[in-house]
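> below are the sequence and a predicted model; questions follow.
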Amino acid sequence: MIAPWEFVQDLFNPNLGFLLRALAAVVISSVVCGVVGCHVVMRGMVFIGDAVAHSVFPGLAVAFVVGGNMMLGGIIAGVLTAVLVAIFSQNRKLSEDSVIGIFFAGAFALGIVIISRAPGYSGSVEDFLFGSIVGVSERDVLWGAVAGAALIVVLALFDKEIVAVGVDRETARAMGLPVLALDILLSVVVTVSVVVSLQTIGNVLVLALIVIPAAASRLMCTRFHTMMVVSPVFAAVCATTGLYISWSIDLPVGGTIVLTMVAAFLVCWTLTALRGLASSRAASPAPSTLGAGGDSHAS
């Protein structure tokens, strides 16, 4: 395993330019997913994060076939599917999970059919499923940075409204908030964050990038807005560490990053459990010594 300073030297080696681009992409993806994941975890939307990762496939497939921008294609497909899900979910005869399962499974199947018609598609499918740091271009990093910055700005502008809908939908509706529009907005934000992360982490593991940092910060924080700060920092540190380990001992990047996050989450969980145990012991009353004192006084 190489030393950390050797990893830093490799980052700035002109012959390994892809490594620095990969680090930039990983950090951008981690920060964006860390912020977005707080809303996903607090609203119990974990399933939609996984489903969105499948819904972007048709757009990626079309972009690959026509030689277009795959990130833009994925965003368009994911946003369109998310809007359809939000609209159809208004029918209370069907649960939202059912609608999500139908549309996102259909979208993924459509993507498979489209890309199977393109020559040499197998390698691209593997990159889509598991990510590829070698394939990260400067344009991918730029697109990710712009999209990520836009997402964070949108969440900052509509923070109170999105949180209000997440806490109590009926109360938010009574307050006059556009609940459907805010649902669509959050779905779009999740979609874009997924697409930003696909190049480095892959479709199979992108859900972990959204859920684990937010879940870990939920253990450590008592306020939602503190979570919004801790989660992206946790994600970025774990992702950078995972990339370093992956590069050092030649392991798959996506899997190594996720395992690093899982290990860090387990540490957070253990520390939180120990802190809770210590607090409960401190709060419990001390054993009474009144009887012993009384006997001594009587004698």
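Arrived safely, thanks for sending.

> every contact and neighbour count from this point should use C-alpha atoms.
Fine.

> list the contacts of stretch 188-206.
For stretch 188-206, contacts defined as Cα atoms under 8 Å, 6 or more residues apart in numbering pick out 22, 25-26, 29-30, 32-33, 36, 49-50, 52-54, 56, 71, 74-75, 78-79, 82-83, 127-133, 135-136, 143-144, 147-148, 151, 253-255, 258.

> among these, name the buried ones.
By neighbour count, with 16 or more other Cα atoms under 10 Å, the contacts of stretch 188-206 hold 22, 25-26, 29-30, 32-33, 36, 49-50, 52-54, 56, 71, 74-75, 78-79, 82-83, 127-133, 136, 143-144, 147-148, 151, 253-255, 258 as buried.

> list the contacts for the residue nearest the centre of the chain?
For the chain, the residue nearest the mean C-alpha position is I210 (1.3 Å; Cα atoms, centre = their mean). I210 makes contact with 33-34, 36-37, 40, 49 under the criterion Cα under 8 Å, 6+ apart.

> quick one: the residues you listed as TSV, columns for secondary structure too.
What follows is the contacts of I210, written out as TSV (DSSP: H, G, I helix; E, B strand; the rest coil):
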residue	secondary structure
C33	helix
G34	helix
V36	helix
G37	helix
V40	helix
G49	helix
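
> least confident of these?
Lowest in pLDDT among the contacts of I210 is G49, which has 71.

> what about the closest residue in space to it that isn't next to it in sequence, helix or strand, and which?
Among residues not flanking G49 along the chain, L207 sits closest, at 6.0 Å (Cα to Cα, 6 or more residues apart in numbering). L207 belongs to helix 206-220 when assigned by DSSP states H and E.

> buried stuff in the helix or strand following that helix?
Later in the chain than helix 206-220, the nearest helix or strand by DSSP H and E is helix 224-249. For helix 224-249, the neighbour count (16+ other Cα under 10 Å) marks 227-247 as buried.

> quick one: helix 224-249 to helix 206-220, angle?
Orientation check (axes from the mean of the first three to the mean of the last three Cα atoms, to 10 degrees): helix 224-249 against helix 206-220 gives 130 degrees.

> how about the backbone phi and psi for G135?
For G135, the backbone dihedrals (degrees, to the nearest 10) come out as phi -80, psi 0.

> no wait, V134
The phi and psi values for V134, taken as degrees, to the nearest 10, are phi -70, psi -30.

> excluding chain neighbours, what is closest to it?
That would be F18: by Cα to Cα, 6+ apart, it lies 5.8 Å from V134.

> got it, and C268?
Excluding the flanking residues, the one nearest C268 by Cα to Cα, 6+ apart is A216, at 6.3 Å.

> give me the pLDDT value at the one you found.
94.

> ok, it - how many residues close by?
When counting by other Cα atoms under 10 Å, one arrives at 24 neighbours for A216.

> what residues are up against it?
Counting by Cα under 8 Å, 6+ apart, the residues that A216 touches are 231, 265, 268-269.

> then S248?
Shown in contact with S248 (Cα under 8 Å, 6+ apart): 1-2, 7.

> tell me the spacing between it and T171.
Counting by Cα to Cα, to the nearest Å, the separation of S248 from T171 is 52 Å.

> quick one: low-confidence parts of the stretch 51-200 of the chain?
Low-confidence segments of the stretch 51-200 of the chain (pLDDT under 70): 91-92, 119-130.
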